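[1] Let me see the structure of the following:
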Amino acid sequence: MKGGIARFSGLLETAFRKCGHKVFLVPFRALYPNFITKDSFDASLPENAQLVLYNPLSWFGAIRRIKSQRPDILLLAYWTGLLAPLCFVLRRFTGIRTVVLLHNISSHESFFFEPFMQRLLAASADGLLTLSGAVSQEVNAAMPGIPMLTLFHPAYEPEVDAPSAVCARRELHLEAYAPVLLFFGYVRPYKGLETMLRAMPAILQRAPELRLVVVGHFYEDIFRYRELVEQLGLGGHVDLYPGYVAPERTALYFAAADAVVLPYQSATQSGVVQLAYSHGVPVIVTPVGGLPEMVRHGQTGWIASDTSSDGIAAAVGEFLDSQDRLNAMRSDIETFCREFSWESFAASAGSFFEAIAAGRR
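    Residues are numbered from 1 along each chain as shown. Sure thing, here's the model as predicted:
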């Protein structure tokens, strides 16, 4: 499958194997019907990808495969309440101690029966693994008493070699020396692209040559964003590239960028921060969820004072004032990535799993 969580799971599997753990995968064939996410799936799914979230009959095939392996721990990735029934069924019918890796405890676009789903999740988990202190606070409030380990979102490494900034900008028809901001990833309401666009007029007063490049799959009608660009007079300053992006193109966009913007209106954490760091690019984030936990202000990026367009514009202003430090910041970013490695994550998580399996937590 495509997307940040799928990549996270794949890299975590590799890290566990390097730590000496045996890993058996139960991959999804589909999460949602095709008419909901038309391009969220990879054509090269493994042969044993039979699990379909919206088809409970497929869950029992997964249960048989899991029980045949007799694992010590069942690790479930969780990012939406729609996964709670599956978690409950797997825990109940396999009888295997279960740790839930919480990318989020609440869906980004919450629904009315989410509290019930959280209770169902609590009944399914022998242990919880979170990627930020912000999520851990939510968990303590919603599901107290379950053993929990708070870790971090490890830093990514580039999947392919990146072109030079000069070549990348030439291919994308960007000015060689103009500031370039990149908005990357799924475009959904909570990610604040609209707020970013509304901040652009103030930003352009500071830097008239600045360009904003928006790359990712749009969950909303792209027309409303194109219309907003025109209404705000941003033609020539905003480039929209809709659709899923292959690693080669990903490297191209990051190579062309001076900074990555995450104007999120709500969040837990985001793999886009680590993706930016993997390319040596600083980030500009809003102070929501766990985003500030992964940014050292003035060293690896900038944290806006709030989620408003004015707050975002002010943070971009700090970025513009730091143009002479961008090369030095790459060294700070490299140091940060070494501290938040996949190997360190897997070692800490593995010790937690062993304690859960042995009933010590």
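[2] make it CA atoms for all contacts and neighbour counts henceforth
    OK.
[3] Please name the bridge partners of the nearest residue to Tyr241 once chain neighbours are set aside.
    For Tyr241, ignoring the flanking residues on the chain, the nearest one in space by CA to CA, 6 or more residues apart in numbering is Val215 at 4.7 Å. Following DSSP bridges, Val215 is listed with bridge partners Phe184, Tyr241.
[4] any low-confidence regions in the chain?
    Low-confidence segments of the chain (pLDDT under 70): 1-2, 35-44, 107-112, 361.
[5] In it, mark out all the helices, start to finish.
    Secondary structure of the chain, counting by DSSP state H: helices at 4-18, 56-69, 84-94, 114-122, 133-142, 165-171, 193-206, 222-231, 247-256, 271-278, 309-321, 326-339, 342-357.
[6] follow-up on the earlier one: what's the distance between the residue nearest to Tyr241 and Leu90?
    With distances taken as CA to CA, to the nearest Å, Val215 is found 37 Å from Leu90.
[7] Out of the helices of the chain, which one sits most buried?
    Stretch with highest mean neighbour count among the helices of the chain: helix 271-278 (a mean of 23; mean count of other CA atoms under 10 Å).
[8] Contacts made by it with the rest, please.
    For helix 271-278, the external contacting residues (CA atoms under 8 Å, 6 or more residues apart in numbering) are 4, 153-158, 184-185, 254, 260, 282-283, 294, 333-334, 337.
[9] and the angle for that helix with helix 4-18?
    Relative orientation of helix 271-278 versus helix 4-18 (axes from the mean of the first three to the mean of the last three CA atoms, to 10 degrees): 60 degrees.
[10] How far off centre is helix 271-278?
    Remark: helix 271-278 is offset 9 Å from the chain centroid, using CA atoms, centre = their mean, to the nearest Å.
[11] As CSV, could you dump the C-alpha coordinates of it?
    Extracted as CSV, the C-alpha positions of helix 271-278 are listed here (Å, rounded to 0.1, in the frame of the first residue of the first chain):
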residue,chain,number,x,y,z
GLY,A,271,6.0,11.5,8.8
VAL,A,272,6.4,14.4,6.4
VAL,A,273,8.7,16.0,9.0
GLN,A,274,11.0,13.0,9.0
LEU,A,275,10.8,12.8,5.2
ALA,A,276,12.0,16.4,5.0
TYR,A,277,14.8,15.7,7.4
SER,A,278,15.9,12.7,5.3
